[in-house]
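Engineer: Task: produce atomic coordinates for the following.
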Amino acid sequence: MRRFDFVTLKLFISVADEGRLTAAAEREHLALAAVSKRISDLEALVGTSLLYRRPRGVELTPAGQAFLHHARRIMDNIERLHAELSEYGEGVRGHVRIHSNTSAIIAFLPQDLSAFTRLYPEIKIDLQERVSSEIIAAVRDGLTDIGIFAGHVPAPDLQQLSYRHDRLMLMTPMDHPLAERESIAFNEALAFDFIGLQQDASLQSLLNEQANLAGKALRMRIQVRSFDAICRMIHHGMGVGVLPEQTIYRDLGDLQLKSIPLSDPWAQRELVIGMRRYASLHVTARHLVDHLTQKAVES
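Structural biologist: Reported below is the predicted structural model:
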């Protein structure tokens, strides 16, 4: 048993989660042959099979189920040990990794992170912009400490805390037939061409889902990578679009745009802070989570 190592334990957990050696290899950034050898060596070490090899993947044997239970507890304890020891450093210093979607970066994080760095000038913040699905995967795989993403995107294996709320708005040119409306249901706009984000963006997925539920097709004319580009395309009469209210660029004064609140209940959107477990975060990351959630309460 003295030959156990944390890399192999973490790898076994990934194999159990993914159900396929190839998927686990991708998740842990290892070659498939290396994964297969580590698992075989592990089974030889414990003296029993931990996996059933199937044509389409692997399943845990009863011994594998027991091993997984203890492996998860060991890795959780290691994370907790790291978090507790980090509190004994001199002062609050270090760095925190954050992956966030565009909405939070534009609307809320500039002021929140500015206030945080004034409180903790010795903490470095590494912020990267990603779509919600990528953020969830990065948190799960330990590539970032915390993530901020749209609350409607499933992330059942992450602990989540509410961060902020925003409202979705229909954007039209000023001379558009819908521009005189004070509010509008999303399905009323589906007769028009849309300007939107790339398909992997959580907002775009949400709009596609709601159009399907309404029994209509979302007529995508152009897909771009930024809210700024959406606004400029709409200004030039290329279509309409949906944007979070807090991200509508106030400095685009040269654009003739009308923003109309969507009346659908799902248009009231929540942004959440996701992490594997709050208790296992190092102290600097916990300070940031506490700061962001406090700002959410104050807002």
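Engineer: who's in contact with the lengthiest helix in the chain?
Structural biologist: Longest helix of the chain, by residue count under DSSP state H: helix 62-86. The contact list for helix 62-86 (C-beta atoms under 8 Å, 6 or more residues apart in numbering) reads 6, 9-10, 12-13, 16, 46, 48-51, 60, 94, 276-277, 279-284, 286. To be clear about C-beta, it is placed using only N, CA and C from the backbone, and glycine gets the same treatment.
Engineer: and A138, what does it touch?
Structural biologist: H99, R130, T144, G147.
Engineer: which of these has the most neighbours?
Structural biologist: Greatest neighbour count in the contacts of A138, by other C-beta atoms under 10 Å, goes to G147: 29 neighbours.
Engineer: give me the beta-bridge partners of that residue?
Structural biologist: H99, G274 (DSSP bridges).
Engineer: do you know how far it is from R53?
Structural biologist: Distance of G147 to R53, computed by C-beta to C-beta, to the nearest Å: 34 Å.
Engineer: ok, back up a step: including pLDDT and distance to E298, could the contacts of A138 go into JSON lines?
Structural biologist: Listed next are the contacts of A138 as JSON lines, based on pLDDT from 0 to 100; distance: C-beta to C-beta, whole Å:
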{"residue": "H99", "pLDDT": "97", "distance to E298": "24"}
{"residue": "R130", "pLDDT": "91", "distance to E298": "26"}
{"residue": "T144", "pLDDT": "92", "distance to E298": "25"}
{"residue": "G147", "pLDDT": "97", "distance to E298": "22"}
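Engineer: domains of this protein?
Structural biologist: 4-62, 83-162+268-294, 164-266 (the TED database).
Engineer: distance between the ends of stretch 207-224?
Structural biologist: 15 Å (C-alpha to C-alpha, to the nearest Å).
Engineer: how distant is it from the center of its chain?
Structural biologist: 22 Å (C-alpha atoms, centre = their mean, to the nearest Å).
Engineer: ranges for the helices of the chain?
Structural biologist: 6-18, 21-28, 32-46, 62-86, 102-107, 109-119, 132-140, 202-213, 227-235, 283-298.
Engineer: In the last one, which of the residues would be classed as buried?
Structural biologist: By neighbour count with 16 or more other C-beta atoms under 10 Å, helix 283-298 contains the buried residues V283, T284, A285, R286, H287, L288, V289, H291, L292, K295, A296.
Engineer: And the shortest one, by the same measure?
Structural biologist: Judged by neighbour count using 16+ other C-beta under 10 Å, the buried positions of helix 102-107 are T102, S103, A104, I105, I106, A107.
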